[in-house]
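Peer 1: for reference, the sequence and a predicted model appear below.
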Amino acid sequence: MGAGKTSAARAAAAALGARAVDSDQVLEERLGCSIEDYFVSHGERAFREAEEDGVCALLEAPPSPVLSLGGGSITSERVRGLLAGHTVVLLDVDEETAWRRAGGRRPLARDRSRFAALLAERGPLYDSLADAVLLDSARDVVRRAVPALRALGDAPPGTRMVWATAASGEYPVYVGNGLIGSGFRARGGEGHVVTDETVGALYGPAIAGASTVTIAPGETAKTLATAQTVLEALAEAGLDHDGHVIALGGGVVGDLAGFCAAVYQRGVPVVQVPTTLVAQVDSAYGGKTGVDLPQGKNYAGVYHQPSAVLADPRALATLPEAELAAGWAEVIKTALIAGGALWKRVRARTVEADRDLVLACARTKLAVVAADERDAGARQSLNLGHTVGHAIETVTGYARYRHGEAVGLGLLAALTLSAQPALREEVAELLAARGLPTRLDPAIDPAEVVAATARDKKRRGGRVGFALVEAPGDVRTGVAVAPDDLRAAVAELERP
Ligand SMILES: NC(=O)c1ccc[n+]([C@@H]2O[C@H](COP(=O)([O-])OP(=O)(O)OC[C@H]3O[C@@H](n4cnc5c(N)ncnc54)[C@H](O)[C@@H]3O)[C@@H](O)[C@H]2O)c1
């Protein structure tokens, strides 16, 4: 209710040169009265039966390539069964917006708290059925997403798609087992692969690129010097504006290749093919690209949204355990930001690094980036744990800790600063359970970490604003922290 299905369906159908069919409208014609009147005269149960018959008939013999379905129709098992033969698109709308549009106007939208409960109850069902998710249902956005929705049919079965929107660009994010090696292409033209030695050896042959440039693995390769080598290799290979870069690898390759794509001939498209958990749940989305300088992490970089992301969770099978663990730090961070169902699953430890987890994390990040691409406000929440995490990486020359490991420690410091001892304890247990450090190497001087924090590239007016947690799902940004409190929070990391 209130997601904008009718107008989105019209826009999608128009892009296909067709007219959309709305199940509620067809139903009203069949019933000979409005749904509201039928509800009043016959009750919800009778309505649901009539709706089930009507919607099943539409799904069995669709009169149009685009159907918009009543919000409750998916509560029928028969309907859900028939949907398996169609591409199901979910318009992801928050409760506030949905209520604004539908509140008071539908039989099940009379009472705000009942409405919210209904949405929360149906949410997991919608998620489980959706082949594709649109985070914005504006007509133009829907129209532009149609080719990517159609391409979903060429991806391996079970692949899901999210249409990402940001101020500077929109792109499809495909998450599916077996995407690498399936021959699925998110865009035409020549693709030039940038990868690292490890990933190149494992997956390079499965990606047909016009050329391949291979860098050394690991954070220490994320430098301007490596970027120069890559840029020269792309030039030698003849990449031009008809082609694109394919970033095949973890966050290091993604950030570096994305940066090269952004500056090469003032910008060519990049397709991100993330192969680590860090990259699949976080770094491949949102368009932040760049390299490190000795003075600071990610000190040279630009925003450059990918033109597509292809995340294949099956690639995580070859990831060394310690790298997988590093990814869990970003998962836990994302779950703290998202709250709700994701936090519930992560804290219960019932969750595995699979398609659904990657998708849930990607959706969380993409929703934040859609609201604030350039860190003006909401996006700073994604920085949770990163201010101290980056400082730890910087003072240890990017060699002592993996990025995810440093972020895990940074999360603990952020929770100390948030005055959340119980949550800190719980997060420490979650990190430890995934094999992540919860104690800073005592050889590291906390004062140096604090000093490096002051050089964080996100400082404004000489002040570094912290992302702090009020509760899972409620992250405050730009919070000023007293130097003594910061010192104490970092020192606490060294306590056994
Ligand atoms: N741009 C962003 O928004 C953003 C967000 C988070 C992190 N990052 C960046 O990401 C980087 C960390 O990324 P990372 O943790 O993926 O590190 P990484 O790219 O260094 O990969 C970790 C290691 O795993 C290997 N590897 C990758 N995929 C593999 C696979 N499928 N099988 C076997 N080995 C594989 C790599 O060769 C490497 O040795 C940091 O530089 C961080 O700043 C960026």
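Peer 2: Looks like it came in fine.

Peer 1: what residues are up against the residue of the stretch 51-200 of the chain found nearest the ligand?
Peer 2: Nearest residue of the stretch 51-200 of the chain to the ligand: Thr198, at 3.3 Å (Cβ to the nearest ligand atom). Where C-beta positions appear, they are placed from N, C-alpha and C, glycine not excepted. Thr198 sits next to Pro217 when contact means Cβ atoms under 8 Å, 6 or more residues apart in numbering.

Peer 1: again with the one 4 residues further on
Peer 2: With contacts defined as Cβ under 8 Å, 6+ apart, the neighbours of Leu202 are Thr275, Ala315, Thr318.

Peer 1: helix or strand for Leu202, just tell me which one.
Peer 2: Assessed by DSSP states H and E, Leu202 sits inside helix 197-203.

Peer 1: off-centre distance for that helix?
Peer 2: 24 Å (Cα atoms, centre = their mean, to the nearest Å).

Peer 1: pairing partners for the helix or strand that comes right after that helix, with directions?
Peer 2: Using DSSP H and E, the helix or strand that follows helix 197-203 towards the C-terminus is strand 211-215. Pairing partners of strand 211-215, with direction, according to DSSP bridges: strand 191-196 (parallel).

Peer 1: before we move on, the earlier item: tell me the most packed of the contacts of Leu202, by neighbour count.
Peer 2: Thr275 (31 neighbours; other Cβ atoms under 10 Å).

Peer 1: name the nearest residue to it, ignoring sequence neighbours.
Peer 2: Nearest non-adjacent residue to Thr275, counting by Cβ to Cβ, 6 or more residues apart in numbering: Ala315, 4.4 Å away.

Peer 1: would you agree the one you found is in contact with Ile180?
Peer 2: Yes: using Cβ atoms under 8 Å, Ala315 is in contact with Ile180, at 5.8 Å.

Peer 1: low-confidence stretches in the protein?
Peer 2: 103-105, 107, 457-462 (pLDDT under 70).

Peer 1: which residues of it lie near the ligand?
Peer 2: 196, 198-199, 202, 217-219, 222, 249-253, 255, 275-276, 278-279, 282-283, 286, 288, 298, 315, 318-319, 323, 326, 402-404 (Cβ under 6 Å from any ligand atom).

Peer 1: give me the buried entries from the residues you listed.
Peer 2: When the residues of the chain next to the ligand are checked for burial by 16 or more other Cβ atoms under 10 Å, the buried set is 196, 198-199, 202, 217, 219, 222, 249-253, 255, 275-276, 278-279, 282-283, 286, 288, 298, 315, 319, 323, 326, 402-404.

Peer 1: among these, name the ones in strands.
Peer 2: Asp196, Gly249, Lys288, Asn298 (DSSP state E).

Peer 1: pick out the most distant pair among those residues.
Peer 2: Asp196 and Lys288 (19.0 Å; Cβ to Cβ).

Peer 1: Val66 is in contact with Gly17, isn't it?
Peer 2: No: contact criterion Cβ under 8 Å: Val66 and Gly17 do not qualify, at 10.9 Å.

Peer 1: who has more neighbours out of the two?
Peer 2: Val66 (24 against 7).

Peer 1: which residues touch the more buried one?
Peer 2: Counted by Cβ under 8 Å, 6+ apart, Val66 has contacts Ala9, Ala12, Ala13, Leu16, Ala18, Ala20, Val21.

Peer 1: do Glu405 as well
Peer 2: Contacts of Glu405 by Cβ under 8 Å, 6+ apart are Ala325, Ala326, Ala329, Leu436, Pro437.

Peer 1: residue ranges for the helices of the stretch 101-250 of the chain, please.
Peer 2: 112-129, 139-151, 197-203, 224-236 (DSSP state H, counting those that start in this stretch).

Peer 1: helices and strands around the second one, which ones?
Peer 2: Contacts of helix 139-151 with other secondary structure elements, assessed using 3 or more Cβ pairs under 8 Å, 6 or more residues apart in numbering; DSSP states H and E, are made with helix 5-15, strand 132-134, strand 160-166, strand 169-175.

Peer 1: now do it and strand 160-166, the angle between them.
Peer 2: 150 degrees (axes from the mean of the first three to the mean of the last three Cα atoms, to 10 degrees).

Peer 1: how about helix 139-151: buried residues?
Peer 2: Val141, Val142, Arg143, Arg144, Ala145, Val146, Ala148, Leu149, Ala151.

Peer 1: off-centre distance for that helix?
Peer 2: Counting by Cα atoms, centre = their mean, helix 139-151 comes out at 18 Å from the chain centroid.

Peer 1: other residues contacting that helix?
Peer 2: In contact with helix 139-151 (Cβ under 8 Å, 6+ apart) are residues 7-8, 10-12, 14-16, 87, 89, 132, 134, 161, 163, 165, 170, 172, 184, 186, 308.

Peer 1: for the lengthiest helix in the chain, packing partners?
Peer 2: Longest helix of the chain, by residue count under DSSP state H: helix 35-60. Secondary-structure packing of helix 35-60 (3+ Cβ pairs under 8 Å, 6+ apart): helix 23-31, helix 77-83.

Peer 1: can you redo the ones you listed as JSON lines with distance to Thr212?
Peer 2: Output for the helices and strands packed on helix 35-60, formatted as JSON lines (distance: least, Cβ to Cβ, whole Å):
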{"stretch": "helix 23-31", "distance to Thr212": "49"}
{"stretch": "helix 77-83", "distance to Thr212": "41"}
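
Peer 1: out of the ones you listed, which is the most enclosed?
Peer 2: helix 23-31 (a mean of 17; mean count of other Cβ atoms under 10 Å).

Peer 1: for that helix, packing partners?
Peer 2: helix 35-60, strand 67-68.

Peer 1: chain center to it: distance?
Peer 2: The answer for helix 23-31 is 37 Å, by Cα atoms, centre = their mean.

Peer 1: need the contact partners of that helix.
Peer 2: 34-35, 38, 50-51, 54-55, 58, 67-70, 73.

Peer 1: recalculate using a threshold of 10 Å.
Peer 2: Helix 23-31 has contacts (Cβ atoms under 10 Å, 6 or more residues apart in numbering) with 5-6, 9, 22, 34-38, 41-42, 46-47, 50-51, 53-55, 57-59, 63, 67-71, 73, 79, 106.

Peer 1: now do the longest helix of the chain and helix 23-31, the angle between them.
Peer 2: 110 degrees.

Peer 1: burial measure for the residue lying closest to Gly169 once chain neighbours are set aside, as a count.
Peer 2: Sequence neighbours aside, Gln305 is the residue nearest to Gly169 in space, at 3.8 Å (criterion: Cβ to Cβ, 6+ apart). Neighbourhood size, Gln305 [other Cβ under 10 Å]: 25.
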